[in-house]
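Asks: Return a 3D structure for these sequence lines:
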Amino acid sequence: MIRKTKNDSHRLPVCLGSLRLTLYSYFIIFVAGIYGITGFPFAEFQGQNQPDFIAWAQIEQASETEPVVIEEADYLKATGVDETFDLVGHVRLRHGETVLASDRVLYHRLDGVVTLDGQVRITRENSTLVADHATYYEKNQYALGTGGVRLDDLAEGTTLTGELAKYYHTPRWAIVTGRPRMKRQIGEDEIVITGGRLEYYFAEADTLVQAIAQDSVTVIDYNEGVTITCQRTEYFRTREWAYFSGDPRLVKQEADAEYDIIVTGKEMTYDFNKKIAIVYDSVRIVRGPLQGLCDTIRYDSARQQIRMISNPVIWDANSEIRGDDILLELEDNKVSQATITGRAIVAYAPNDSADVERSSIEGRKMLVAFDGALVHTITAFQNATSTYHPSESAGGPPGSNVVRAKQITIELDHGKLLNISAEGSVEGTYRGLLRQ
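Replies: A predicted model of the protein is given here:
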C-alpha cells in the first residue's frame, strides 16, 4: 500500500551526482504519467530545491530482510508499474552487510532480483566477488557471477577464479566452475588447486572443510615441488591438510634431479605444513629404474624419508629388496640408503646371469646403500646369511657358497658380486651341483 507523506524526515539525503534511496521504505513515483516510465540524470538533484515532478511515497516493508539501498549512480530510470530501477554509471547498492557495485544495475524490486553488468564487485565483510556479470537475489542474499570470476577471501589469504561462481550467504560458501582455480597463501607457501568443480567454505560456515575439488583435480605445493592429481580432494583449514581419492598420483620434482619421485595409490593425505604424504592401498613408488610396491607409504618430503609399510618390495634392474618395513633415505631427491627390518632379504644377479638363480643375502635387519638408482652395498645384521650362485660365465663350478655370521657385507656392481666380508661367528659352506 502506498501512502504519500509530507514529512521531511521521510525524504532521502541527496548529494551531487548521486541518490541514496531505501527501496523497501521508499519508492519514487514519476508524475510524467504515474504508471509510466521516465528517466533523469542524478545530477539534476543538486542543491536543496528538488524537482516538482517527483512525489515521495512510503511503502510498507514487504520483507523481513534489510532493505536494499541505492548509494550511488550517475543515471536512473524507473517504472511505477513493476517497480523496476535501471541505474547506469558508477552504481553502488547496499543490502545489509553486502555492497554491490557495477557499471549498470537493473533492479526488479517486486521480484527481489538485482542484475549487474560490467565491472561487477560484490563485497561481504572480508570477501569480494568480481565478475563481468552477476545476478543477486535479495531474499537469500545469493549471487551468481559469470565471466572472469574472481572470489577473494582476505581473512584466509585465498583467491578463487573461474568462469562461473555461485556465492551463498547462509551458510557462507561458493561453487566455482569453468576451469576453477584456488590459490592459497600460507606464510611463504603457495598452494594451488584446480579441477572441474570447486566448492569453497568460508570460516563463518562453521565447517572443518575449506574446499572440495572434483573432476581432474590438480593440487600443487609450489615451494615443496609437489604436485598431486586425482578425481576428488577435500582441503581442511584447521590442519592445513587434504584428503585425495580417485587414483591419486603424487609427483615430487627437484630442479637438478635426473628423475622425479612418483607415488600412486587408491587414497592419499597430504599435510601442507609438515610436508608429509600418506598413501594407502596398492601403493606404487617409482624413481627412474627404481620401483617399489607396498600397502602404505609415508613420504616425509621435508625430512627426505619414505617409509614403506606392510608387504614392501623395491627393485631395480639387478636386485630385489623385501622386508617387513623399508625406510628409504633421500639426498637431493635421490635414494641414498634403505633400512630394512624384519625378515630382510635382497636377491641380486648381473644382467648376464639368466643361466642361474639369483644370489641372496638375508638378516633381521639390513642397510642398503645406493649408487644412483642401483644397489651398491648391502650389510645384513643378526643371523645374517649370504647365498652366492656363481654363473657359468664366471668360470667357476656350478653350486652355491653359503656364509653365515652376525654381520655380512657385500659390494655389487650392476648386480655382480665384487666383494664379501663377514664378522662374528662366521661359518661357510659350499654346495656343489652335479652336471648332467
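Asks: Measure how buried Tyr430 is and give me the count.
Replies: Counted by other C-beta atoms under 10 Å, the residues lying close to Tyr430 total 10. Where you see a C-beta, it was placed from the backbone N, CA and C, and this is true even at glycine.
Asks: which residues touch it?
Replies: Tyr430 is in contact with Gly399, Ser400, Asn401, Val402, counting by C-beta atoms under 8 Å, 6 or more residues apart in numbering.
Asks: Now do the last one against Leu144, distance only.
Replies: To Leu144, Val402 is 76 Å away according to C-beta to C-beta, to the nearest Å.
Asks: for the second one, same thing?
Replies: According to C-beta to C-beta, Ser400 and Leu144 sit 75 Å apart.
Asks: quick one, helices of the stretch 151-300 of the chain?
Replies: With DSSP state H, counting those that start in this stretch as the criterion, the stretch 151-300 of the chain has no helices.
Asks: Quick check: which ranges of it have low pLDDT?
Replies: 204-206 (pLDDT under 70).
Asks: Over to the stretch 1-150 of the chain?
Replies: 1-65.
Asks: residues contacting the nearest residue to Ala349 once chain neighbours are set aside?
Replies: Counting by C-beta to C-beta, 6 or more residues apart in numbering, Ala349 lies nearest to Arg358, which is 4.3 Å off, once chain neighbours are set aside. Listed by C-beta under 8 Å, 6+ apart, the contact set of Arg358 reads Glu320, Ala347, Tyr348, Ala349, His389.
Asks: out of those, who's nearest Gln185?
Replies: Proximity of the contacts of Arg358 to Gln185 (C-beta to C-beta) peaks at Glu320, which lies at 44.3 Å.
Asks: and that closest one, what are its bridge partners?
Replies: Beta bridges link Glu320 to Trp315, Ala347 when assigned by DSSP bridges.
Asks: try Asp221
Replies: Ile191, Val226.
Asks: does it really touch Glu188, like I thought?
Replies: No. If you go by C-beta atoms under 8 Å, Asp221 and Glu188 don't touch, sitting 11.7 Å apart.
Asks: still on that earlier bit, can you select the buried ones among the contacts of Tyr430 for me in PyMOL?
Replies: Burial among the contacts of Tyr430 is assessed by 16 or more other C-beta atoms under 10 Å; the matching PyMOL selection reads:
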select buried, resi 400+401
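Asks: List just the nearest of the contacts of Tyr430 to Thr339.
Replies: Distances from Thr339 to these, taken by C-beta to C-beta, are shortest for Val402, at 24.7 Å.
Asks: Show me what the helix or strand containing that closest one is packed against.
Replies: Here Val402, judged by DSSP states H and E, is contained in strand 399-413. Helices and strands touching strand 399-413, by 3 or more C-beta pairs under 8 Å, 6 or more residues apart in numbering; DSSP states H and E, are strand 359-371, strand 374-388, strand 416-423, strand 427-432.
Asks: mean confidence for that strand?
Replies: Taken as a whole, strand 399-413 has a mean pLDDT of 90.
Asks: As CSV, the contacts of Tyr430 with distance to Lys183 would be great.
Replies: Formatted as CSV, the contacts of Tyr430 follow (distance: C-beta to C-beta, whole Å):
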residue, distance to Lys183
Gly399, 65
Ser400, 61
Asn401, 61
Val402, 61
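Asks: ok, Asp221 and Glu188, which is more surrounded?
Replies: Asp221 (21 against 6).
Asks: contacting residues around that one?
Replies: Counting by C-beta under 8 Å, 6+ apart, Asp221 has contacts Asp189, Glu190, Ile191, Thr227, Tyr270, Phe272, Lys275.
Asks: What of Arg249?
Replies: Ile228, Thr229, Cys230, Ile262, Val263, Thr264.
Asks: And it, how close does it get to Gly80?
Replies: 62 Å.
Asks: and if you look at Val69?
Replies: In terms of C-beta to C-beta, Val69 sits 20 Å off from Gly80.
Asks: Same question for Val113.
Replies: Distance from Val113 to Gly80, by C-beta to C-beta: 18 Å.
Asks: Name the residue in these two with the higher neighbour count.
Replies: Taking other C-beta under 10 Å, Val113 and Gly80 do not tie; Gly80 has more neighbours (19 against 15).
Asks: Relative to His108, how far out is the more buried one?
Replies: Counting by C-beta to C-beta, the gap from Gly80 to His108 is 14 Å.
Asks: And for Leu76?
Replies: 15 Å.
Asks: Neighbour count for the two, which is higher?
Replies: Neighbour count, other C-beta under 10 Å: between Leu76 and His108, Leu76 has more, with 24 against 15.
Asks: Grab the nearest non-local neighbour of the more buried one.
Replies: Leu87 (5.6 Å).
Asks: Could you list every helix and strand that the helix or strand where that neighbour lies packs against?
Replies: Here Leu87 sits within strand 84-95, counting by DSSP H and E. When contacts are defined as 3+ C-beta pairs under 8 Å, 6+ apart, strand 84-95 sits against strand 68-72, strand 75-79, strand 98-108.
Asks: one more time with 10 Å
Replies: If you count contacts as 3 or more C-beta pairs under 10 Å, 6 or more residues apart in numbering; DSSP states H and E, strand 84-95 packs onto strand 18-19, strand 21-22, strand 37-41, strand 68-72, strand 75-79, strand 98-108, strand 113-124.
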